[in-house]
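Asks: Quick check, what structure comes out for this input:
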Amino acid sequence: MQAHEGSAAITEFQKILSHRGLVQNFVTLSLAHLGLARAYALDAGKDPAVRDKARAAYQDFFALWKDADADLSVLKEAKAEYAKLQ
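Replies: You can find the predicted model right below:
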């Protein structure tokens, strides 16, 4: 995902998350939170409020994956990305 695509990606991931049928699909729901976090992170330098939204989306992802194996690459990558926002 390119930096200039951040805003478009935010819109698309928000559409996914607003679809009520996804609540039953854990993988899609959790990865949509991660995708939204990453999209916000692309635009985080432009506005501090966007950085807060990125952090919140990462936290939503982490809450869903709280019981997952900490050695999973997707979780390690997300934690490293989140740390860069601090």
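
Asks: In this protein, where is pLDDT below threshold?
Replies: Where the chain drops to pLDDT under 70, the residues are 1-4, 20-24.

Asks: Mind doing that once more with 90?
Replies: Along the chain, segments meeting pLDDT under 90 span 1-30, 43-47, 86.

Asks: Quick one: the strands in it, in order.
Replies: Counting by DSSP state E, the chain forms no strands at all.

Asks: Can you show me the helices along it?
Replies: Per DSSP state H, the chain has helices spanning 6-18, 26-43, 48-64, 73-84. These are given in chain order.

Asks: Let me have these in JSON lines, adding mean neighbour count as columns.
Replies: Glycine gets a C-beta too; all of them are placed from N, C-alpha and C. Converted to JSON lines, those look like this (neighbours: other Cβ atoms under 10 Å):
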{"stretch": "helix 6-18", "mean neighbour count": "15"}
{"stretch": "helix 26-43", "mean neighbour count": "20"}
{"stretch": "helix 48-64", "mean neighbour count": "17"}
{"stretch": "helix 73-84", "mean neighbour count": "13"}
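
Asks: what sits against residue 71?
Replies: By Cβ atoms under 8 Å, 6 or more residues apart in numbering, residue 71 lies in contact with nothing.

Asks: Distance-wise, check it relative to residue 6.
Replies: According to Cβ to Cβ, to the nearest Å, residue 71 stands 29 Å off from residue 6.

Asks: surely residue 10 meets residue 36?
Replies: Yes: because the distance of 6.5 Å satisfies Cβ atoms under 8 Å, residue 10 is recorded as touching residue 36.

Asks: which residues are in contact with both of those two?
Replies: In the contact map built from Cβ under 8 Å, 6+ apart, no residue is linked to both residue 10 and residue 36.

Asks: Distance-wise, check residue 82 relative to residue 19.
Replies: Using Cβ to Cβ, we find residue 82 at a distance of 25 Å from residue 19.

Asks: Hmm, I typed the wrong one, I wanted residue 67.
Replies: Residue 67 sits at a distance of 24 Å from residue 19 (criterion: Cβ to Cβ).

Asks: Before I go, just wanted to say thanks for your time.
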